[in-house]
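Asker: Sequence plus predicted model, see below.
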Amino acid sequence: MRTAMTGVWTLIACIHISQGVITTSNESRYPSPRVVILGATGVGKSSLANVMVGRDKNYEGTNFRNGCFKVSTGLDSITKQTCADQGYWLGDASKQRFTIIDTPGFGDKLLEEEKTIENLVKTLRDQVKYVHVFIIAFKQTDNRMTNSLRSMISLFEKMFGKKFWDNAILEATHWNHGEDAERMRMVSNPPITQKFWTDEFNRILKREYNLKKDLNSVFIDTYYHHASSHETEVFNNNSQALLDYALSREPFECKDIEIALTEIRELQNHIDSLVREEQDKKDIIQDLIEQRNNLQKTLTMHGLTTPSPQTERQEGSSYCSKNKCYTPTELSATYAEDSTFEIECKQMTELREELDSVAQTANTMKVQADQVQMLLENQGKEVDKLAQMLEKVLKNTAYPWQYLTTGTYAFFGEPHTWYEAMVKCKDLGGYLVEINSQAENDLLAKTVQSLGWDKLKLHFWLGLNDLKTEGTWVWDHSQRRVKDGFSNWKAGQPNNGGNEDCALIENVEWHDYSCNRKEKLGSDWTPAVVCERDG
């Protein structure tokens, strides 16, 4: 991607400097501390930025261009450029003035990524100048290192260098501090506490990026319930922790910045280099051809030959009356002419040999040029293939979608009725999951287990029902009858016990269940949602 498309960016290094060295000539425009929010599309960066300066979490970005600070529920990135704003902390005029910098989500569309990076670089280098804290925002549900998250973090490290981690802090967005949400996290084994979440991310970051020390974390929920004194207190405490961290950091000066290139662009540069090399060889061949033509003209101009000798005896006056005879003086002059001619012949021979060498070199260069051309064509095909692959992966892994070997899925670990689950999936451009093979059935069961759903006592709905005709189970999206394909009903299921017209999966087996229920079952298990989409 597209790096050849497989992908990847070089350096955007923010140089770490000693405290007190920087001249804060732009302090009035960008009051310190200066806070940059980084993260994937849809993680809630703009919402967090708005709340930090006292605006509504769903602010529509009225006073800004290019989608800056605009919050949307869609899947595409709304913020198109890196945007800076200043204000009082949480909008309170009695608190610290600061600068908040909102950034676009990374990994939206491969072809637009380079412009996103270029704008981020120019804003930090030429305008903001230096930064006190980089907030790396993840959703609470981002509890494992997907390829999408791994690529995003690698990009940040390559952009800002190893010292970037000294000014980085983790933020868990959408961490609901309400009693019900807390209870759901605590029933996990081990409990999903703030410490557990932070330790897990630090463990992964140390393993994959060789971090030397743990990163701090904050759990600012911009959607906290204002009427709840507990949630309000937690919000204020975490916000103050972020401010204290920002004020304690030595700044990064963003100056020696070089805009990075994706793998696709690197391959494209290689192709451009090969094209230039081929053109250089063509120019050399053309020069050799011109040399050959000039040599040929020289040979044509001086290509004299001596007459064949006569066999008859050349003597007597009768011979001289018929042929040209020479006096000794004339003969000497003739020898001199012959000597000059011999020299010219030798020169012509050398010219012919040189011409043959030039022709041989030209042929060799032509073969090499053909080989370069073939290499270019093969490289171009590889670039296109890799670009298509990366485009597909990026498309299929944009939050909340995850690309697995059997398809593309989204996982939501909150209770839903079957109807609510169906609407949620359709709003995302997908549909309730349809399982077509034992491999897909087992993979999904294993995936939700890795998400901790078994510890949270969560099953998940299938896009399967017999609402139209009792006993005739049909997939909602494809309208295929389940009896015509794969099924994995538990023994004795479906039994329609209590008007059960929808289906869910428990561990790896299917059960029928009431479409309108999402409250706890008799076994304390609740139905969650797995969506699927084509492509």
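Answerer: It's in. Please read these numbers as outputs of a predicted model, since none were measured by experiment.

Asker: Have a look at the protein and report the helix or strand with the lowest mean pLDDT.
Answerer: Evaluated with mean pLDDT, DSSP states H and E, the helix-and-strand set of the chain has its lowest mean pLDDT in strand 15-16, which scores a mean of 37.

Asker: next SSE after it?
Answerer: strand 34-39 (DSSP states H and E).

Asker: Could you look up the next helix or strand downstream of that following strand?
Answerer: Sequence-wise, the next helix or strand downstream of strand 34-39 (DSSP H and E) is helix 45-52.

Asker: Quick one: residues in contact with the following helix or strand past that next one.
Answerer: Helices and strands here follow DSSP H and E; after helix 45-52, the next one along the chain is strand 83-88. When contacts are defined by CB atoms under 8 Å, 6 or more residues apart in numbering, strand 83-88 is touched by residues 29-31, 49, 52-54, 64, 66, 68-69, 94-103, 123, 127-128. Where C-beta positions appear, they are placed from N, C-alpha and C, glycine not excepted.

Asker: which parts of the helix or strand just after strand 83-88 are buried?
Answerer: Using DSSP H and E, the helix or strand that follows strand 83-88 towards the C-terminus is strand 97-102. Neighbour-count burial for strand 97-102 flags 98-102 (criterion: 16 or more other CB atoms under 10 Å).

Asker: Report the buried members of the contacts of strand 83-88.
Answerer: Neighbour counting with 16+ other CB under 10 Å marks 30-31, 49, 52-53, 64, 68-69, 98-103, 123, 128 as buried within these.

Asker: Report whether the expected contact of Val131 with Leu124 is present.
Answerer: Yes. When contacts are counted by CB atoms under 8 Å, Val131 is listed as touching Leu124 (6.7 Å).

Asker: one step back: can I get the buried residues of strand 97-102 in TSV with pLDDT and distance to Asp180?
Answerer: Shown next, in TSV, are the buried residues of strand 97-102 (pLDDT from 0 to 100; distance: CB to CB, whole Å):
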residue	pLDDT	distance to Asp180
Phe98	95	34
Thr99	95	36
Ile100	94	31
Ile101	92	34
Asp102	90	31
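
Asker: hmm, which two among those are most spread apart?
Answerer: In the buried residues of strand 97-102, two members sit farther apart than any others by CB to CB. They are Phe98 and Asp102, at 13.4 Å.

Asker: Just name the closest of the buried ones among the contacts of strand 83-88 to Asn176, please.
Answerer: Once CB to CB is applied, the member of the buried ones among the contacts of strand 83-88 that ends up nearest Asn176 is Met52, at 19.0 Å.

Asker: quick one: contacts for the closest one?
Answerer: If a contact means CB under 8 Å, 6+ apart, then Met52 has 35, 87, 89-90, 98, 100, 239 as its contacts.

Asker: export those residues to TSV and tack on distance to Glu118?
Answerer: What follows is the contacts of Met52, written out as TSV (distance: CB to CB, whole Å):
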residue	distance to Glu118
Val35	22
Gly87	27
Trp89	31
Leu90	32
Phe98	26
Ile100	21
Ser239	32
